[in-house]
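Enquirer: here is the input, now give the coordinates:
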Amino acid sequence: MNKTVKKVAAVALSALMVGSVFAGCSSNSGNSDKKSADKSSYTIGICQLTQHTALDSATKGFEDKLNELAKADGKTIKFDYQNASNDSANCATIVNQFVSAGDDLILANATPALQAAATATAASKIPVVGTSVTDYGTALDIKMNPTDATGINVTGTSDLAPLADQAQMILDLFPNTKKVGAIYCSAEANSQYQVDGIKEALEKKGVSCTFYSFADSNDISSVAKKAASESDVIYIPTDNTAASNGSVIDAACEAANVPIIAGEEGIFKSTNAVATLSISFYNLGQKAGAMAYEILTKGTDPATMNIQQSDELTYYYNADKAKKFKANIPDNYKAYDFSNAE
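Expert: The predicted model follows:
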């Protein structure tokens, strides 16, 4: 009987201690937003999945906007930039370091970085702002519309361009298209979201769309060659692995004499594609920066902030490729100036 009583007492004491700890944490987190808003300097950890034009532009837009806003208010921002070298495991390591360092906010640039940051901050509730993420619901496994608030400590900007418009672009440029091949990385959830949308839009117009996915950069060459040999046109969504290996896809399609339509400007350039309906990733980063500054200085809860999308959309075409493939270029398309491209 005495042993039983002791065990019950021990369990009760443990529960009391745990409850006290959580109560303390809850109390601290309740004041964290106010403390953050009163600060004059902030540290932001930046986890960027990999280095390529689109993600680099988003990071630059983010930093530029924050520096602009901070300077106007007499505040300072310190950025801890880390590149994950296109490795999801590296993303987890990086964001956990940010959490351990007690950074004020984390920028997660690309979907794997966002997923890692959301997991790493689940307990601490450090604010996470994402950018270069196509669909937050898909990335975070949350039921939400593309521009809803997430309801958790995560918000940000979406790089989703109108998929129905991209599908129509293929048919506007190449009216006789019957078979479209969509090349993407199966490890990137948001790429699947995009090709699903493209497939649905194309099939409504009587055009077949076949998926050609690769697991990593080692598979790209063989997958691209197969896709090019079986398609009239190749479509590539906003996909980080594809963007980093654009020359490989370009080589496969060039050999098969098949045109490429790209989901964004960086892939358009790296794959030497015919055209793209592209958002401005710099603008996307700037919007994310403004959101981050509001969180830091006003204590706004990211859980209540709607996901924002870019309002700068441009149809670009590659004049040389358009001529080679005899593409029908509509009047609202802009010839891309590769001489001034970064």
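
Enquirer: in the chain, which spans are strands?
Expert: 41-48, 76-83, 105-109, 128-133, 154-158, 179-185, 208-214, 233-236, 260-262, 275-279, 308-309, 313-317, 334-335 (DSSP state E).

Enquirer: tabulate those strands in CSV, adding columns for mean pLDDT and distance to Gly246.
Expert: Heads up, the C-betas are built off the backbone N, CA and C, glycines and all. Formatted as CSV, the strands of the chain follow (pLDDT from 0 to 100; distance: least, C-beta to C-beta, whole Å):
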stretch, mean pLDDT, distance to Gly246
strand 41-48, 98, 18
strand 76-83, 98, 18
strand 105-109, 98, 19
strand 128-133, 97, 16
strand 154-158, 97, 22
strand 179-185, 97, 11
strand 208-214, 97, 13
strand 233-236, 98, 8
strand 260-262, 97, 9
strand 275-279, 92, 12
strand 308-309, 94, 24
strand 313-317, 94, 15
strand 334-335, 96, 20
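
Enquirer: quick one: which of these is nearest Pro302?
Expert: Closest to Pro302 of these is strand 154-158 (C-beta to C-beta; 4.0 Å).

Enquirer: quick check: angle from that closest one to strand 105-109?
Expert: 40 degrees (axes from the mean of the first three to the mean of the last three C-alpha atoms, to 10 degrees).

Enquirer: listing partners with orientation, what would you give for strand 154-158?
Expert: Strand 154-158 pairs in its sheet with strand 128-133 (parallel), strand 308-309 (parallel), by DSSP bridges.

Enquirer: tell me who's in contact with Ala335.
Expert: Contacts for Ala335 (C-beta atoms under 8 Å, 6 or more residues apart in numbering) come out as Tyr316, Tyr317, Ala319.

Enquirer: how deep is the last one tucked in, by neighbour count?
Expert: Right, Ala319. By other C-beta atoms under 10 Å, the residues close to Ala319 number 14.

Enquirer: now swap in the first one and tell me
Expert: The local packing of Tyr316 (other C-beta under 10 Å) involves 19 other residues.

Enquirer: Asn272 versus the residue nearest to it when sequence neighbours are not counted, what's the distance?
Expert: Leaving aside its chain neighbours, Tyr316 sits nearest to Tyr336 (4.4 Å; criterion: C-beta to C-beta, 6 or more residues apart in numbering). Separation of Tyr336 from Asn272 (C-beta to C-beta, to the nearest Å): 11 Å.

Enquirer: find the residues that touch each one of these two.
Expert: Shared contacts of Tyr336 and Asn272, defined by C-beta under 8 Å, 6+ apart, are found at Asn318.

Enquirer: from memory Val180 sits against Ile236, does it?
Expert: No - look at Val180 against Ile236 with C-beta atoms under 8 Å: they stay out of range, at 10.9 Å.

Enquirer: so for these two, which residue has more residues nearby?
Expert: Ile236 (30 against 25).

Enquirer: now do the contacts for that one.
Expert: Contacts here follow C-beta under 8 Å, 6+ apart; on that basis Ile236 touches Ala182, Ile183, Tyr184, Ala242, Ile249, Ile260, Ile261, Ala262, Gly263, Ile267, Thr271, Ala273.

Enquirer: if we use 10 Å, what do you get?
Expert: Ile236 makes contacts with 181-184, 191, 194-195, 224, 227, 242-243, 246, 249, 253, 260-264, 267-268, 270-271, 273, 276, as judged by C-beta atoms under 10 Å, 6 or more residues apart in numbering.
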